[in-house]
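J.: fold the following, please.
(one chain, ligands or ions: 2)
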Amino acid sequence: MLALRAASATLGNADANDNGIPDAVDGADDAGNGMPNYLNRISTRNVLPEDAAVITRYLIESEPGVRMRVGAVAQLLSTTGGARLAGQAAAAPIAVDEVDNVGGYFSYEARELPVVGGTNRSVVPQRAPIPNQPLYRLWDQDTATWKTFVQNATNKLESAPGEPGFCPAADSSAYSAGLTPGYLCVRLTIEDGGVNDLDHQLDGAIMTTGGIGARSVVVVTGTSKGAGGAGAADYWSILVMLLLAGLRFGRRSARLAAVVLLLPVSVNALAADATQWDRPARLDRRCQCHERSRQC
Ligand SMILES: [Ca+2]
Ligand SMILES: [Ca+2]
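T.: Ligands and ions are numbered 1, 2, ... in the order given. Sure thing, here's the model as predicted:
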């Protein structure tokens, strides 16, 4: 996917990347990582800045050897010059997702994977803690739709506590399964050519544009009878009848019957909740610091 602009930036004597060379001399050619030369400050191939001007923290990192590149969506829409789109409004020119974004979207590519058809792990420091009921949402440019990251044997979402701007390295054992609310670091494992690879090619590269979303509504579903609201209505009708019966035969027997009736509703609600957002299988608070970070 290529980013095509109607016009190139007009560069002058400013020095956006603070390298002592005027922007006009640095030029707007691709620095090799999807960023224009006049903004680029980084040369490590497996690392990208979320914001072009900040290279000491908030770095998106892949496993060593992989070439990282700012994604085409960020090249067109990022206001920070890096791989980050600053939230739902920044991504609106694509489409507004039905799921509320938390902490921004990130658009990047990981190229030159060691194995075509293999997997790639990348770490994205979050701008806000992972919320309750989290999802990882992806923008699929081929279908022009937002979709939810699919987890399976070769595609995973993991998280680690981290510190603002600093996360364990992409190959660290500090990550635990799932998106844990409150954590600041997300690791995505994506299979080349798999369901979450947005270039849809078996080509030794993965493309992703997406970010954390939070469901705003918990949907409680299911009773033992039928589909939709009819079964639930029957349930509550029976419950009311039992309570009325309690007035005649005693409160204790009515309470017992109500508990028996409500138990499967509660179990169904928990089961429904578990399918609505990503929940970690376990917590692992071990932390290995990023080699460029001084704390963890
Ligand atoms: Ca410069
Ligand atoms: Ca691919």
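J.: all contacts plus neighbour counts: C-alpha atoms, from now on.
T.: Will do.
J.: in stretch 146-165, what counts as buried?
T.: Of all the residues in stretch 146-165, those buried under the rule 16 or more other C-alpha atoms under 10 Å are 146-151, 155-165.
J.: now stretch 93-100
T.: 94, 97, 99-100.
J.: stretch 26-46 now?
T.: Buried residues in stretch 26-46 (16+ other C-alpha under 10 Å): 26-28, 31, 33-42, 45-46.
J.: secondary structure element for Lys147?
T.: According to DSSP states H and E, Lys147 maps onto strand 145-148.
J.: can you list contacts of the helix or strand just after that strand?
T.: Sequence order places strand 156-160 as the next helix or strand after strand 145-148, per DSSP H and E. With contact meaning C-alpha atoms under 8 Å, 6 or more residues apart in numbering, strand 156-160 is reached by 150-151, 167-168, 174-180, 183-190, 284-285, 287.
J.: state the mean pLDDT of the helix or strand following strand 156-160.
T.: For strand 156-160, the following helix or strand on the C-terminal side (DSSP H and E) is strand 176-177. Confidence over strand 176-177 (mean pLDDT, whole number) is 98.
J.: other SSEs contacting strand 176-177?
T.: strand 156-160 (3 or more C-alpha pairs under 8 Å, 6 or more residues apart in numbering; DSSP states H and E).
J.: can you list the strands that the strand it packs on pairs with?
T.: Here strand 156-160 is paired, per DSSP bridges, with strand 176-177 (antiparallel), strand 185-191 (antiparallel).
J.: if we ignore the residues flanking it in sequence, what's nearest Asn37?
T.: Ala31 (4.9 Å; C-alpha to C-alpha, 6 or more residues apart in numbering).
J.: whoops, Thr209 was the one
T.: Per C-alpha to C-alpha, 6+ apart, closest to Thr209 is Ser107, 4.1 Å.
J.: helix, strand or coil for that neighbour?
T.: Judged by DSSP: H, G, I helix; E, B strand; the rest coil, the three-state class of Ser107 is strand.
J.: which bits of the stretch 101-250 of the chain sit near ligand 2?
T.: Counting by C-alpha under 5 Å from the ion, the residues of the stretch 101-250 of the chain lying close to ligand 2 are 192-193, 201-203, 205-206.
J.: adding pLDDT, secondary structure and distance to Val54, write those out as CSV.
T.: CSV is the format used below for those (pLDDT from 0 to 100; DSSP: H, G, I helix; E, B strand; the rest coil; distance: C-alpha to C-alpha, whole Å):
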residue, pLDDT, secondary structure, distance to Val54
Asp192, 98, coil, 29
Gly193, 98, coil, 32
Gln201, 97, coil, 32
Leu202, 97, coil, 33
Asp203, 98, coil, 31
Ala205, 98, coil, 25
Ile206, 98, strand, 24
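J.: let me see the contact set for Pro125.
T.: 58-60, 164-167, 184-186.
J.: just the buried ones from those?
T.: The buried subset of the contacts of Pro125 (16+ other C-alpha under 10 Å) comprises 58-60, 164-167, 184-186.
J.: need those in a markdown table with pLDDT and distance to Asn17, can you?
T.: Putting the buried ones among the contacts of Pro125 into a markdown table (pLDDT from 0 to 100; distance: C-alpha to C-alpha, whole Å) gives the following:
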| residue | pLDDT | distance to Asn17 |
| --- | --- | --- |
| Tyr58 | 98 | 17 |
| Leu59 | 98 | 16 |
| Ile60 | 98 | 18 |
| Pro164 | 97 | 23 |
| Gly165 | 97 | 20 |
| Phe166 | 98 | 22 |
| Cys167 | 98 | 24 |
| Leu184 | 98 | 27 |
| Cys185 | 98 | 27 |
| Val186 | 98 | 28 |
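J.: could you export these as CSV, including distance to Asn13?
T.: Shown next, in CSV, are the buried ones among the contacts of Pro125 (distance: C-alpha to C-alpha, whole Å):
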residue, distance to Asn13
Tyr58, 28
Leu59, 28
Ile60, 30
Pro164, 34
Gly165, 31
Phe166, 33
Cys167, 36
Leu184, 38
Cys185, 38
Val186, 38
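J.: okay, helices next: where are they in the chain?
T.: Using DSSP state H, the helices of the chain run over residues 23-26, 72-77, 88-91, 229-249, 251-276.
J.: I'd assumed Val150 was in contact with Leu135.
T.: No: using C-alpha atoms under 8 Å, Leu135 is not in contact with Val150; the gap is 9.9 Å.
J.: quick one: end-to-end length of stretch 138-153, please.
T.: 19 Å (C-alpha to C-alpha, to the nearest Å).
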